[in-house]
Every structure is written in C-alpha cells, then in structure tokens.
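>>> sequence first, predicted model second:
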Amino acid sequence: MITLEEALEIIDRILESKRLNHTQQLVFSQSWMGQTYSEIAENLGYDFDYIKEVGSLLWQSLSEALGEKVTKKNVQSVLANYQRVSTKTPASPLITNHKLEFPSGPVPLNSNFYIERPPIEASSYTEIEQPGSLIRIKAPRQMGKTSLMQRVLAHAKQLGFRTVLLSLHKADNSVFTSLDKFLRWFCANVSRQLNLTPKLDEYWDEDIGSKVSCTLYIQSYLLAEIDTPVVLALDEVNRLFEYGEVSEDFLPLLRSWYEDAAEIEEWQKLRFIVVHATESYVPLNINQSPFNVGLPIKLPEFTVAQVEDLVIRHGLSWIGPNELEQLMAMVGGHPRLVRLALYHLANPPQGKLGGMEGLIQLLEDAPTIAGIYSNHLRFHLSQLQKSPELVTAFQQVVNTPVSVRIEAIAAYKLESMGLVKLQGNEATISCELYRQYFSEQLSDKN
C-alpha cells in the first residue's frame, strides 16, 4: 500500500494546476488515515457540513481527473492501482513551472499562483454559509482582496447559492451625486444579475424616502422572488468614501439589513461580502469609520513559507534561503510585489539578466523610477502628498533605523496604507523598498 506522502504526490501530478488547497489537503490526509467527517470537523474546528462539502468536491475532482469514480472508501485502492499502472510506462515529471501569469488584477480561479492564507479562506467559506452573514475584506491595495472575494463567491455557487457582484469602480460618477440615484442604480443592478425585471417605480415612494423604498424593494420583491440564499458582493466600496453624503447613509443602511436578519426571516437569505482598500482611510475623518459589524478579514502579508511556495510554482529552483531573504528584505511579504519580482525573474525581459545576476539587478533598480515597482511607489507618493502631516510623520519612520513613536492617527493611516507596521505604540517601515524610495522622494519636504 502506498504512503500518504506518495498519495499526495500522485494527486499533485494528476490534478496539475488544480492543486489541493490547504483545507482539501487536511481533509484528504485525515480521510486517508480513516477519520470520519465528524472526527475531521471536530479535529479541525470546522462545521461538519462544510467538511463534508470539501470532501465531496475533492472526490469529484479526483474522479474527473482519473476517469473513474473515487470515493472516501476506495481512494487508497484507486491511487495504488494508478501508481502500479504509471510505473509500467515512462514517468512524466511533476509540473513545477506552470504557464506564467503576469500579476495584474485578481488571481484567476484556476490559477496555480493563488496562495492560501489559512485560516482565512476556510473561515470565509464557513461564514458565508450562515444565514444573514456579512464578511468584510479589507487590506491595502494589491493584497488579494478581490481574489479572495471571487473564491468565496465560487464556493457559494458550488453550494447552489445565487450570487451578485457589484464593483463600484464601474459605476458612472453621476451615480454618486445623490443617495436616491445611487440606491436606484444599486437595486437595478442587483435585479438584473438575479435575472429579475427591475420594478423600481412600483416600490419607490418619495414620501417615505429612498432608504425605506430600497429596503422594501429588496425584502418584498427581490428576496420574495428568490428561493435560495443570495450572496451580494460589493467590491471597491472605498469609492463610496469619496462621496460623504452617499456613504454616510448607505453604509448604515447595509448595517441595518444585516441586523434585520436576526429578526426577519426573509433577510436571512441575504449574505454580504464587502471589500474595500484601507488606503481610502487617509482622506476620511477618523471618526467616520466604515463597517464595524460582521466577520472582519484583514489580509496579512505572505509568510516566508508562502513565498517559498510561490518560488517553487515559478520554477525558480536556484532561489535558496539567502536569495529569499534578500527579496523579502526589499519587499516583505506583499503579495503583488513578491509575485511581480518572481515573474520577472522567471521570465526576464529582453536585454535583462536572469538567475542570480538578474535578482541583484532587480533589487538595485527596485526603489528607482526604472524599477518594476515604479507605478506602485508613485501611487503611494501621491497619496502621501495629499496630507502634509502624514509626510512629516512618515519621514520620522523613514529616517529612523529602529521603531519610533508617532502621532496615533498618523500611525493608523500609515498602517492602513501598508507603509508601516505597528508594534504597540511604535511604528517601523514595512520594507526596505519604501525606506530607500521615500528617503529620497521626501528628503526635501518639511
């Protein structure tokens, strides 16, 4: 009989780019050792139905890849037979260098370059299954918020839920000129994505106001017409923060719908995912906090182990511990910055060096306008320049090799931008890239 380690290697080979995620690996490993779904759920601290669903999808994927039915009971014999047959023919190497993807925008659902950050994915999947739930995904830009949102929506679809995705950056500027206009845009888009005819005029009544009209429209029309749970995902909610009159009414309205689910059965059908970039806190009044209800998901940077995983997936076998340390000293574990570096190292532009020399050159150029991070750095510079007090506070961090105490609100905003890390009341620079770039760009600022 084959070992668990051999079984996992076989699965990686047959699934190719659809590698098992962290939760699937745990379910497979414990199933292999004879654990029941109830025991697995208890061991991992997950809901039984969720573990059962993970297992069902796992066996389905293996069945499709192998061309025969795979179940929890027969998986050991099926993989053992697969190994016997495959050893009679020339072995095909495990794929480690998949087709490269330039890291731009959300990571596709079928991508080999999506890195899970346990227990975030599993917690999000479990939460979205709860009636009337709300998940808030927040992080600085390019940290993977939309990629996570898309995976939660995909999980919801697998459960038979209806899904609606509204990206606020796609809305015309005129939509935000008044609350009434925004709510009508909101209801019309939700209706169409649910394949329902918009009937706004039947429910809109200026005497009771647009917020009540919108609430009645969703409860009495949309939710009444839908038999299954509905997941409503709002991406780029930070755009609302630019329009104070709209956001000050709409965000509390969302909160009231979430709270209504505790008492009104119809609202329990609706689950929310709210995604926003934390940089948008910078122009906000500190007392105008966005949501503070539901399950908060704050996306962290990648760990060393997760960056090592990405290195392997890019086929960069020459990157060892020393090279990894140099790269992470420059950019930390920022997902987009790490992936951008690995992409260029795995696919050097014409005229650029590869291998170790390529890494040295990439790190030398990184904090300059000729480097691969110039757009990222210019964005942060433009954000800082909108707030002179932030420039002053950030200069203290940039010019101090150790942690330094800065004014509390400035510290909060700089952390929201991803530029500093806070330990207690003191701040340190997030990575060497920011220190080198901003030490020069802010050197003549007061």
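On my side now, so go ahead.
>>> phi, psi of residue 293?
Per-residue torsions, residue 293: phi -130, psi 170 (degrees, to the nearest 10).
>>> tell me where the model's unsure across the stretch 1-150 of the chain.
1, 16-19, 85-98 (pLDDT under 70).
>>> how about the strands of this structure, start to end?
134-139, 162-167, 230-235, 270-277, 295-298, 404-405, 420-423, 426-429 (DSSP state E).
>>> as CSV, those strands with mean neighbour count and distance to residue 314 would be great.
The C-beta positions use only the backbone N, C-alpha and C, and glycine is treated the same way. Formatted as CSV, these follow (neighbours: other CB atoms under 10 Å; distance: least, CB to CB, whole Å):
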stretch, mean neighbour count, distance to residue 314
strand 134-139, 23, 23
strand 162-167, 18, 29
strand 230-235, 22, 28
strand 270-277, 24, 26
strand 295-298, 16, 26
strand 404-405, 14, 36
strand 420-423, 16, 26
strand 426-429, 20, 27
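>>> same list, the ones you listed, but as a markdown table with distance to residue 329 please.
Output for these, formatted as a markdown table (distance: least, CB to CB, whole Å):
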| stretch | distance to residue 329 |
| --- | --- |
| strand 134-139 | 22 |
| strand 162-167 | 35 |
| strand 230-235 | 33 |
| strand 270-277 | 25 |
| strand 295-298 | 23 |
| strand 404-405 | 19 |
| strand 420-423 | 14 |
| strand 426-429 | 11 |
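>>> nearest to residue 178, out of these?
Across the strands of the chain, residue 178 has its closest neighbour in strand 162-167 (17.9 Å, CB to CB).
>>> each with direction, which strands does the closest one pair with?
The pairing partners recorded for strand 162-167 under DSSP bridges are strand 230-235 (parallel).
>>> could you check the angle strand 134-139 makes with the strand it pairs with?
20 degrees (axes from the mean of the first three to the mean of the last three CA atoms, to 10 degrees).
>>> start the count at 11, not 1, going forward
With 11 as the first residue, the last one maps to strand 240-245.
>>> centre of the chain to strand 240-245, how far?
14 Å (CA atoms, centre = their mean, to the nearest Å).
>>> try stretch 178-198
On CA atoms, centre = their mean, the centre of stretch 178-198 falls 25 Å from the chain's centre.
>>> surely residue 268 meets residue 142?
Yes. Using CB atoms under 8 Å, residue 268 is in contact with residue 142, at 6.6 Å.
>>> related to what we said a few turns ago, nearest to residue 355, out of the strands of the chain?
strand 436-439 (23.9 Å).
>>> run through the neighbouring helices and strands of that closest one.
Counting contacts by 3 or more CB pairs under 8 Å, 6 or more residues apart in numbering; DSSP states H and E, strand 436-439 is packed against helix 398-408, strand 414-415, helix 418-426, strand 430-433.
>>> need the ones you listed in JSON lines with distance to residue 221, can you?
What follows is the helices and strands packed on strand 436-439, written out as JSON lines (distance: least, CB to CB, whole Å):
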{"stretch": "helix 398-408", "distance to residue 221": "34"}
{"stretch": "strand 414-415", "distance to residue 221": "43"}
{"stretch": "helix 418-426", "distance to residue 221": "28"}
{"stretch": "strand 430-433", "distance to residue 221": "37"}
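>>> indicate which one of the strands of the chain is closest to residue 261.
Going by CB to CB, the one of the strands of the chain nearest residue 261 is strand 280-287, 9.0 Å.
>>> tell me what that closest one is packed against?
Packed next to strand 280-287, using 3+ CB pairs under 8 Å, 6+ apart, are strand 144-149, helix 155-168, strand 240-245, helix 254-270.
>>> what's the closest of those to residue 373?
strand 144-149 (24.7 Å).
>>> sheet-wise, list the partners of that closest one with their directions.
strand 280-287 (parallel), strand 305-308 (parallel).
>>> what's the angle between that strand and helix 418-426?
Going by the same axes, to 10 degrees, strand 144-149 makes 90 degrees with helix 418-426.
>>> outside of strand 144-149, which residues touch it?
Contacts to strand 144-149, defined as CB atoms under 8 Å, 6 or more residues apart in numbering, come from residues 134, 137-138, 155, 158-159, 162, 264, 268, 281-288, 301, 303-309, 428.
>>> buried stuff in stretch 119-126?
Neighbour-count burial for stretch 119-126 flags 121, 122, 123, 124, 125, 126 (criterion: 16 or more other CB atoms under 10 Å).
>>> thinking again about what came up before, which one of the strands of the chain lies nearest to residue 394?
That would be, of those and by CB to CB, strand 430-433, which comes in at 11.7 Å.
>>> tell me the average confidence for that closest one?
Throughout strand 430-433, pLDDT has a mean value of 94.
>>> can you name the residues in contact with the longest helix seen in the chain?
The longest helix of the chain (DSSP state H) is helix 58-76. The contact list for helix 58-76 (CB under 8 Å, 6+ apart) reads 21, 24-25, 28, 30, 33-34, 37-38, 41, 47-48, 50-51, 54, 79-82, 85, 88, 92, 132, 135-136, 139, 168-169.
>>> for residue 120, see how far away the spatially closest residue to residue 179 that is not a sequence neighbour is.
In space, and not counting its chain neighbours, residue 179 is closest to residue 246: 4.3 Å by CB to CB, 6 or more residues apart in numbering. Note on residue 246: its distance to residue 120, by CB to CB, to the nearest Å, is 23 Å.
>>> and if you look at residue 284?
25 Å.
>>> and residue 262, how many neighbours?
Applying other CB atoms under 10 Å, we find 11 residues neighbouring residue 262.
>>> and it, what does it touch?
Counting by CB under 8 Å, 6+ apart, residue 262 has no contacts.
>>> turn the strands paired with strand 144-149 into TSV, including mean pLDDT.
Putting these into TSV (pLDDT from 0 to 100) gives the following:
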stretch	mean pLDDT
strand 280-287	95
strand 305-308	94
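>>> is it possible to export the ones you listed to TSV including distance to residue 197?
Shown next, in TSV, are the strands paired with strand 144-149 (distance: least, CB to CB, whole Å):
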stretch	distance to residue 197
strand 280-287	13
strand 305-308	25
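>>> so for residue 423, which of those sits nearest?
Comparing the strands paired with strand 144-149 by CB to CB, strand 280-287 comes nearest, at 12.9 Å.
>>> ok, residue 62 - how many residues close by?
Count around residue 62 with other CB under 10 Å applied: 15.
>>> now do the helices in the stretch 261-410 of the chain.
314-323, 331-341, 345-356, 365-375, 384-395, 398-408 (DSSP state H, counting those that start in this stretch).
>>> right, and residue 375 touches residue 384 too?
No. With contact defined as CB under 8 Å, residue 375 does not reach residue 384; the gap is 9.2 Å.
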